[in-house]
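J.: Sharing a model that was predicted from the sequence below.
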Amino acid sequence: MPNPVIIAVAITGSVPRRKDNPALPVTVAEQIESTHAAHEAGATLVHVHVRNDDETPSSDPARFAAFQEGIRRHCPDIIVQFSTGGRGRALEQRGAMLHLRPDMASLATGSVNFPSIVYENPPGFVRGLATTMRDLGIKPEIEVFDLAMLTNTAALVAEGLILPPPHVQFVFGVKNALPAREDILDFELALMRELIPGATWTAAGIGRDQFTVARWALARGGHVRTGLEDNIRLDRHTLAPSNAALVRRTAELAAGPAAPSRTPPPRAASSACRPCRRGTPPEAPVAFHPRGTAASPGGQRRGLASAPGRRLHPAFAEERRRIFAPAAHPPRPCLAQRRTRCPGAGDLRQVPRHRPDRGQPLAAAAPFRSLHRRHPVGQPAAALADGI
Ligand code: ZN
């Protein structure tokens, strides 16, 4: 099946707090649990920031290592992408975990204003991160908040600091950066195809723009991103009960107009989680969504099960190969070798499941009513956009 959709889930970010949405995964154990549930719902790429115990952003390599170790154990097929951005992290620390060799890492190729800060990415810093990623075989995801970031990317590709084909993410809806306008996406795509032909791409909308931008991307053959980092609500009246719920909504969009239901499908994955908690990878996680295919009752996973003995649907595997373009990267160690590089991960198998996040409509969640008043209906909390 050609051109499947990769759904990226940005599980935590650096700005939202539990007081904004109690479903936000903060500890590494919670992040692994949330990623696992999102993976079962259809996410095939996880973008992660880590937090300190007080919820402030962290650059601690040990936390990134623990997350990656847990994900490799519980969701071995998902693409792991570390964030090198975000508010509250010292510039010199933002790439301090790249030696862990995640599959991907974010790379903003220029500076831009965010709602209340300047998101600083000086030229030398960008070149340093790009060089490190190239040398370690990490696929960068180019974060395009403004047009110059796209032209800068073309220059870095021409110079050999970013290996072709690059993977670009267009971000819309951050206050003081690019607004969510469909014509801007079209212009960016045309420029991308001219300057860096062969590039793959994702579009991400912040806050209330998230699902709108996802529709634009799907209509144009792009990939999509969701998650509590970018958007804490399912709709203007309801806090998202989990990252998985946002992924399910996005998967419904990817499946096409025949699947508009907003009712979350039954959670058929509970039995699949148990072996994972015992340290055994879940069986046959379905990790892609075909475009324009009606969802089967009970969730998109049904009917897409991998053939016996295969972990990934072949179409997703092909798309993953296309993005990663193995020929463009130096040889990498196998997963088993990489796991041995995370001795600080500890035993995450006994971590209790975090379950206060199931089905909390805003109206029924008394503690959030004050939050609702602070952020009127339809108005995303401006600060949430600072932490891409
Ligand atoms: Zn981020």
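T.: All right, it came through fine.

J.: pLDDT below threshold where in the stretch 201-350 of the chain?
T.: Regions of the stretch 201-350 of the chain meeting the criterion pLDDT under 70 cover residues 257-317, 319, 321-350.

J.: dump the residue contacts of the single nearest residue of it relative to the ion.
T.: Residue nearest to the ion within the stretch 201-350 of the chain (CB to the ion): residue 229, separated by 5.2 Å. C-betas here are computed from N, CA, C, even on glycine. Residues in contact with residue 229, defined by CB atoms under 8 Å, 6 or more residues apart in numbering, are 10-16, 47, 49, 387-388.

J.: near the ion at all, stretch 116-123?
T.: No. Counting by CB under 5 Å from the ion, the ion is not contacted by stretch 116-123; separation bottoms out at 11.1 Å.

J.: Next, count neighbours for residue 237.
T.: Residue 237 has 12 neighbours, counted by other CB atoms under 10 Å.

J.: same deal with residue 169?
T.: 25.

J.: do the one 4 residues further on as well
T.: Number of residues near residue 173 (other CB under 10 Å) recorded here: 22.

J.: Likewise for residue 148?
T.: Neighbours around residue 148, by other CB under 10 Å: 13.

J.: all strands for the protein, in order.
T.: Assigned by DSSP state E, the strands in the chain fall at 7-10, 45-48, 50-51, 57-58, 79-82, 104-108, 112-113, 118-119, 139-144, 167-172, 200-205, 223-226, 233-235, 238-239.

J.: re the thing from before, spatially, what comes nearest to the residue of the stretch 201-350 of the chain closest to the ion if we skip its sequence neighbours?
T.: residue 13 (2.8 Å; CB to CB, 6 or more residues apart in numbering).

J.: Surely residue 91 is in contact with residue 125?
T.: Yes. At 6.2 Å, residue 91 counts as touching residue 125 under the criterion of CB atoms under 8 Å.

J.: between these two, which one's more packed in?
T.: When residue 91 and residue 125 are compared on other CB under 10 Å, the one with more neighbours turns out to be residue 125, at 17 against 12.

J.: Show the contacting residues for the closest residue to the ion within the chain.
T.: Nearest residue of the chain to the ion (CB to the ion) works out as residue 83 at 4.1 Å. Listed by CB under 8 Å, 6+ apart, the contact partners of residue 83 are 14, 47-49, 105-106, 388.

J.: Which pLDDT value belongs to it?
T.: Looking at residue 83, its pLDDT is 97.

J.: how much space between it and residue 318?
T.: Using CB to CB, to the nearest Å, residue 83 is found at 27 Å from residue 318.

J.: give me the number of residues near the spatially closest residue to residue 59 that is not a sequence neighbour?
T.: Among residues not flanking residue 59 along the chain, residue 93 sits closest, at 3.8 Å (CB to CB, 6+ apart). The local packing of residue 93 (other CB under 10 Å) involves 13 other residues.
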